[in-house]
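Visitor: next one to model:
(chains A, B, C and D)
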4 protein chains.
Amino acid sequence: MAKVYVVYHSGFGHTKLQAEAVHAGAAGVDGVEAFLLTTEEATSRLDELDGADAIIFGCPTYMGNLSADMKKFLEAAARKWFTQSWKDKIAGAFTNSSSFSGDKLNTLVGLFINSMQHSMIYVGTGMLPAASDPDSMNSETGPGPEVQNRVGSFVGPAAASFQVKPPAAPPKGDLETASLYGQRVATITLQFLKGRAS
Amino acid sequence: MAKVYVVYHSGFGHTKLQAEAVHAGAAGVDGVEAFLLTTEEATSRLDELDGADAIIFGCPTYMGNLSADMKKFLEAAARKWFTQSWKDKIAGAFTNSSSFSGDKLNTLVGLFINSMQHSMIYVGTGMLPAASDPDSMNSETGPGPEVQNRVGSFVGPAAASFQVKPPAAPPKGDLETASLYGQRVATITLQFLKGRAS
Amino acid sequence: MAKVYVVYHSGFGHTKLQAEAVHAGAAGVDGVEAFLLTTEEATSRLDELDGADAIIFGCPTYMGNLSADMKKFLEAAARKWFTQSWKDKIAGAFTNSSSFSGDKLNTLVGLFINSMQHSMIYVGTGMLPAASDPDSMNSETGPGPEVQNRVGSFVGPAAASFQVKPPAAPPKGDLETASLYGQRVATITLQFLKGRAS
Amino acid sequence: MAKVYVVYHSGFGHTKLQAEAVHAGAAGVDGVEAFLLTTEEATSRLDELDGADAIIFGCPTYMGNLSADMKKFLEAAARKWFTQSWKDKIAGAFTNSSSFSGDKLNTLVGLFINSMQHSMIYVGTGMLPAASDPDSMNSETGPGPEVQNRVGSFVGPAAASFQVKPPAAPPKGDLETASLYGQRVATITLQFLKGRAS
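Guide: Numbering: from 1, shown residues only, chains lettered A, B, ... in the order given. Next up is the predicted model:
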């Protein structure tokens, strides 16, 4: 069994829905046990994360960067950095903000860099953007809320919630993107585990 | 008179339209003379740029980064770096891609970092994202093609063209964003010039 | 009089020394009043910052990014974002870490992006790297602790302290870099103020 | 057999030495066949790269970003993006510049983002920075040219050559870092291949 942890911070509930979708996608893969922890829970269960095969980090983008609550967790986890206890685990990241873009890439790159400091192996969306399929969109308004990877993000799922309260946001397409991402990270984690065992 | 140069590369014409809008916005400011050069033209007129008070760099986002043609120009301009000839000029940046997001932030940050290497002073969009005004959008589909700063970019204007050919793309809102940006950079350049003179 | 605020977080005292040097550099410019606040102090004096002409943000690089304490302040200051109260102020950034490099650029870019969200105008080091002056270094070991801009940073001063406790670290060259930066930001702030007034 | 390709651009020979070290490190792993191609060679052998299990991209940092020659190759390889032919291959990156830091992180992040657009899986240095081992350095001058990961880079090896001509630069420690990185990427590639087969 591969153990996939989703560790998230959510301010208003949008990223929580996204995290649940990532978790559900991972849990649906045969041979995978998936866990869902808030950054607060994860901080008090850091040693448990030593047993993870993958950790996917998710938080909202506030002021163009990862949230302070997520960063607080990453700093608590620095003691795992000193011992490089998370080396060679699979890593992933996702985020949500109000805008289509809104500097979300900076949050994802920040979570990626943190994973590199832990010597983890990073997996992105693995998904072409909606905009590369002309059938998925109205050419004027662009891809709509029901299509996958609406904003066109590669480093990790990036949801756009436009100040709409959950559960009305993030929209269907963004949650499907999150779920497919959980599935992708879990599948790749399983492959790595099998290869290491052989 | 303040001299504002817009230096751009455009692969299929979208960024050209965006560049023309930035140029028009700058040219419309009293006391400003605005110039529009392709990266190719600018490469052969590098010394002329020594007389610029502001340089705004624009190019498409290809494979998540600034275009090779833009980078070729930035490397040709490295001889101005050695002498720091562009020190304290005002700098700006803009980009276009097919998606709402599509890693455009990375292009803008790349153009910003280049401007820091030249010791320039950087000016961003100065505009709240469309998503912060609930009246500007349908809460499901998000801000439409007619509103300003649709994607929610702060470092510089970021247009989304969805494989639609120019002049149908970039849409009206994106070109207005570009024009307001040209106006903003020009106005700040003028202020800075007056302050230096006094 | 131009008012320049230095807002910093320091975990072990290195960034505090760097912040004091930035502050001293700014305070030494005729016509400039300089203030030095921790992120905690600044959080409780947010409205006072509305009167600033420049704000320079500094913090250590932890896990490849700005510190959680700095991020907490930036999120508290988000209410100034909604009203864009800091629009057109001058911004700057600096950081310290244990390594020469150590992902410090990511911290500086994060502080830059935050300043763009506030529609501020960004000023970098304005200094060539030590490595461009062959006389400043031993060609094998590279520039030493006594030279300015030892690591070669453009976006903002980047100190390297190698787990040496303050006041033995950051070294002389890094503190001089910080001081020259404070002076540069203050001088440019004055120019802008004069231009706006005229 | 796992096929590991190193694709590099080198302006003055420093990055070539680094690329050769990465290649040698990979070639030394049992069960791995390693290839070394310039970006020019790789451009004319793009279809051959479809058979790669890993591609490691390397280039100098010029003006704070990947070189125009590397970007030209990445744009030529965009036709592999449309078909996602490189999906799930392992990716890596390395760079060299004159300074300790010198915005090298931006080059590495650019190469990482390109690999995410191709849906590749990213592997970093997996190495603590020299600065975390007090025995590896003089506390004033920091880690010297003979130690591994001197600059403290996590996303990929980052060499510092201080305008010294090759083969005197990059120094011994930087080349060892490159070699260990080639070994790491090759080992992880092998594991992943075995897992996929089972």
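
Visitor: for chain A, which helix is longest?
Guide: helix A:172-197 (DSSP state H).

Visitor: okay, how far is it across stretch A:57-66, tip to tip?
Guide: The first and last residues of stretch A:57-66 sit 10 Å apart, counting by CA to CA, to the nearest Å.

Visitor: ok, the nearest residue to A:Glu20 once chain neighbours are set aside to A:Ile56 distance?
Guide: Spatial nearest neighbour of A:Glu20, excluding adjacent residues (CB to CB, 6 or more residues apart in numbering or on different chains): A:Leu36 at 6.7 Å. Quick note: C-beta positions are derived from backbone N, CA and C, even for glycine. Plainly put, A:Leu36 is 10 Å away from A:Ile56 if you go by CB to CB, to the nearest Å.

Visitor: check the contact lists of the two and give me the overlap.
Guide: A:Tyr5, A:Val6 (CB atoms under 8 Å, 6 or more residues apart in numbering or on different chains).

Visitor: give me the more crowded residue out of those two.
Guide: A:Ile56 (33 against 20; other CB atoms under 10 Å in any protein chain shown).

Visitor: just confirm the more buried one is within a strand.
Guide: Yes. Assessed by DSSP: H, G, I helix; E, B strand; the rest coil, A:Ile56 belongs to a strand.

Visitor: in space, what's closest to it - neighbours in sequence excluded?
Guide: Nearest one to A:Ile56, counting by CB to CB, 6+ apart, is A:Gly92 at 3.9 Å.

Visitor: right, and that neighbour touches A:Ala54 too?
Guide: Yes. Counting by CB atoms under 8 Å, A:Ala54 is a contact partner of A:Gly92 at 7.0 Å.

Visitor: on that earlier part again, the longest helix of chain A and chain D, are they touching?
Guide: Yes. If you take CB under 8 Å from any CB of the partner chain as the test, helix A:172-197 does meet chain D, through A:Ile188, A:Leu190, A:Gln191, A:Phe192, A:Leu193, A:Lys194, A:Gly195, A:Arg196.

Visitor: state the mean pLDDT of that helix.
Guide: For helix A:172-197, mean pLDDT rounds to 96.

Visitor: packing partners of it?
Guide: Judged by 3 or more CB pairs under 8 Å, 6 or more residues apart in numbering or on different chains; DSSP states H and E, the packing partners of helix A:172-197 are strand A:2-8, helix A:14-27, strand A:32-38, strand A:54-62, strand A:90-97, strand A:121-123, strand A:158-160, helix D:172-197.

Visitor: export these to JSON lines and tack on distance to C:Ala77?
Guide: Formatted as JSON lines, the helices and strands packed on helix A:172-197 follow (distance: least, CB to CB, whole Å):
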{"stretch": "strand A:2-8", "distance to C:Ala77": "24"}
{"stretch": "helix A:14-27", "distance to C:Ala77": "21"}
{"stretch": "strand A:32-38", "distance to C:Ala77": "25"}
{"stretch": "strand A:54-62", "distance to C:Ala77": "11"}
{"stretch": "strand A:90-97", "distance to C:Ala77": "17"}
{"stretch": "strand A:121-123", "distance to C:Ala77": "31"}
{"stretch": "strand A:158-160", "distance to C:Ala77": "23"}
{"stretch": "helix D:172-197", "distance to C:Ala77": "39"}
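
Visitor: rewinding a little: how far off strand A:2-8 does the longest helix of chain A point, in degrees?
Guide: 140 degrees (axes from the mean of the first three to the mean of the last three CA atoms, to 10 degrees).

Visitor: what parts of chain A come near chain C?
Guide: Near chain C, when you scan chain A using CB under 8 Å from any CB, you find A:62-68, A:71-72, A:74-75, A:77-78, A:81, A:103, A:106, A:109-110, A:113-114, A:116-117.

Visitor: near chain B, from those residues?
Guide: A:Gly64, A:Asp103, A:Asn106.

Visitor: gap between the nearest residue to A:Glu140 once chain neighbours are set aside and chain C?
Guide: Of all residues not flanking A:Glu140 in the chain, B:Pro145 sits nearest, at 5.2 Å (CB to CB, 6+ apart). Distance, B:Pro145 to chain C, using CB to the nearest CB, to the nearest Å: 23 Å.

Visitor: for B:Pro145, give me its contacts.
Guide: So B:Pro145 contacts A:Glu140, A:Thr141, A:Gly142, B:Pro171, B:Lys172, B:Gly173, B:Asp174 (CB under 8 Å, 6+ apart).

Visitor: pull the contacting residues for the residue nearest to A:Glu20.
Guide: Counted by CB under 8 Å, 6+ apart, A:Leu36 has contacts A:Tyr5, A:Val6, A:Tyr8, A:Ala19, A:Glu20, A:His23.

Visitor: selection in PyMOL covering whichever of those residues are buried, please.
Guide: Those of these that count as buried under 16 or more other CB atoms under 10 Å in any protein chain shown are selected in PyMOL with:
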select buried, chain A and resi 5+6+8+19+20+23
